[in-house]
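Enquirer: Give me the fold of what follows.
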Amino acid sequence: MNRLEAMELFLRVAETGSFTEAARQLGLPKASATTRVQALEARLGVKLLHRTTRRVSLTPEGAHYLEECGRLLRELEELEGSLGQDRASAKGRLRVDVPTSMGRHVLAPRLGDFIERYPGITLELGCTDRVVDLVAEGIDCVIRGGEVHDPSLVARKMGETPVITCAAPGYLRRHGPPRSPEELEGHVFVNFISRRTGKAFEVDFQRGDQTFVLHLPHRVATNDAGISLALAVAGQGLLQVPASAPVRQLLADGQLQRVLPDWSAPPLPFFVMYAPTRRLPTRVRVFVDWIVEVFREEFAEAHAFVATSPATP
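Expert: As a prediction, this is how the structure comes out:
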């Protein structure tokens, strides 16, 4: 019997003053009810009930536990009721825009859970990396990585993903693996161009109180995360990239290798953003709550992988 079931059994015994009646209400043998309450007392390390041949009464500790049990079980019932209301009231079209890679590798494998929970919602998922105008384009919420640049939106931080530096084995054989940022001279990067500014991102390295912010040369730069990854795999340069699911798989398969693992790049924050409103529509609220949990799981996997993945030999 789990803890909640034990609490419910204790509550019934206290309310009825009888193990026999409590067991009948819950469909249990009387002997099982007695044994389970004894196990609850053993786990708590206190006596909850005085038992005689005629009646059952509460000890002072039992009275306190009864009060708290009742409160917790009422709150649980209210929570379950509110979730049921959300399920019933979450209806209509929901338009969401996410980065292409995140949509393909994080959301798509998990969307079945959301669709099953909220069958009344029709989801339209846009996968882009551009700046969007939520109001003008009729988008309910957007997910983006990096700092928030639009103060008119409500931005809920979902977490941060680690950023690593890597390269293809062939590139490292030709150029040699750098052992410190100072050794990056002569190397080339696959640079990522910001869709917002049109400029290539800087390359950051940190260790302790040491920081290097570098503008490194590139032969190819792109504003598409998937293309930048393909270029790195093809040996076109070093790449500083979030440790997303496809990156982790390429590292695990040996198609990419980590370099400068002792020099970390700042983690990349991710936000879910939506237009401010006095009352957020239920369909948007339940999606925001759900997607925050999805991304927290994804980021936890990424951090665990980076903590254990080997560097270039």
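Enquirer: Now do the same for the residue lying closest to Tyr65 once chain neighbours are set aside: its pLDDT.
Expert: Among residues not flanking Tyr65 along the chain, Leu48 sits closest, at 5.8 Å (Cβ to Cβ, 6 or more residues apart in numbering). (C-beta placed from N, C-alpha, C; glycine too.) Leu48 is assigned 89 on the pLDDT scale.
Enquirer: Contact partners for Leu48?
Expert: Leu48 makes contact with 10, 37, 40-41, 58-59, 61-62, 65 under the criterion Cβ atoms under 8 Å, 6 or more residues apart in numbering.
Enquirer: what's the model's confidence in the helix or strand that contains Val213, averaged?
Expert: Element membership of Val213, judged by DSSP states H and E, is strand 210-214. In this model, strand 210-214 has a mean pLDDT of 81.
Enquirer: cool, stretch 276-288 as well?
Expert: What stretch 276-288 shows for mean pLDDT is 86.
Enquirer: Secondary structure class of Tyr171, three-state.
Expert: Classification of Tyr171 using DSSP: H, G, I helix; E, B strand; the rest coil returns helix.
Enquirer: Quickly note the distance from the closest residue to it other than its chain neighbours to Leu256.
Expert: In space, and not counting its chain neighbours, Tyr171 is closest to Gly235: 4.3 Å by Cβ to Cβ, 6+ apart. Using Cβ to Cβ, to the nearest Å, we find Gly235 at a distance of 10 Å from Leu256.
Enquirer: List the ones among the contacts of Leu48 that fall in helices.
Expert: Those of these mapping onto helices are 10, 37, 40-41, 61-62, 65, per DSSP state H.
Enquirer: mind giving me the domain ranges of this protein?
Expert: The chain breaks down by the TED database into domains covering 3-83, 91-153+274-301, 160-269.
Enquirer: how about the strands in the protein?
Expert: Applying DSSP state E to the chain gives strands spanning 49-51, 56-58, 92-98, 121-127, 141-145, 154-167, 189-192, 203-207, 210-214, 218-222, 239-242, 257-258, 265-274.
Enquirer: Mind putting those into a markdown table with distance to Ser32 and mean neighbour count?
Expert: Below are the strands of the chain laid out as a markdown table (distance: least, Cβ to Cβ, whole Å; neighbours: other Cβ atoms under 10 Å):
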| stretch | distance to Ser32 | mean neighbour count |
| --- | --- | --- |
| strand 49-51 | 16 | 16 |
| strand 56-58 | 16 | 17 |
| strand 92-98 | 47 | 18 |
| strand 121-127 | 43 | 15 |
| strand 141-145 | 49 | 22 |
| strand 154-167 | 44 | 20 |
| strand 189-192 | 62 | 24 |
| strand 203-207 | 59 | 17 |
| strand 210-214 | 64 | 12 |
| strand 218-222 | 66 | 16 |
| strand 239-242 | 53 | 23 |
| strand 257-258 | 56 | 18 |
| strand 265-274 | 47 | 19 |
